[in-house]
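What would the 3D arrangement of this be:
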Amino acid sequence: MKSLSYRVLLKKEPEGCYSAIVPTLPGCVTFGETIDEAIQMAKEAIEAYVESLAARGEEVPTEEGTLECTLTIEAHA
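Below you'll find the predicted structure:
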């Protein structure tokens, strides 16, 4: 079995819960009442997503070779 790593973006929603988005897996989005719950839900969603792709014989996207940076800009709103 191969280990895969995926970035998960967490965002606090106006309702107070947290969304968890996996950019490399299109449509892989889930929610949790807390950060820990959102992370656990994301782990389960990723596992189900990857298993579904593998069962259908489709390629499983990876983040190999992905670079990430965060830019801060000055904005006059």
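
mind listing the strands for the chain?
Taking DSSP state E as the criterion, the chain carries its strands at 9-12, 18-21, 29-32.

deepest of the ones you listed, which one?
strand 18-21 (a mean of 20; mean count of other CB atoms under 10 Å). For every residue, glycine as well, the C-beta is placed using N, CA and C.

for that one, packing partners?
strand 9-12, strand 29-32, helix 35-55 (3 or more CB pairs under 8 Å, 6 or more residues apart in numbering; DSSP states H and E).

where does the chain dip in pLDDT?
Residue ranges of the chain with pLDDT under 70: none are present.

Now distance to T62 too, for the helices and strands packed on strand 18-21, in CSV please.
Below are those laid out as CSV (distance: least, CB to CB, whole Å):
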stretch, distance to T62
strand 9-12, 17
strand 29-32, 19
helix 35-55, 10
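
Quick one: closest of the ones you listed to A75.
When these are compared by CB to CB, strand 9-12 sits nearest A75, at 19.1 Å.

From the rest of the structure, what touches that closest one?
By CB atoms under 8 Å, 6 or more residues apart in numbering, the residues outside strand 9-12 that reach it are Y18, S19, A20, I21, V22, P23, I35, A38, I39.
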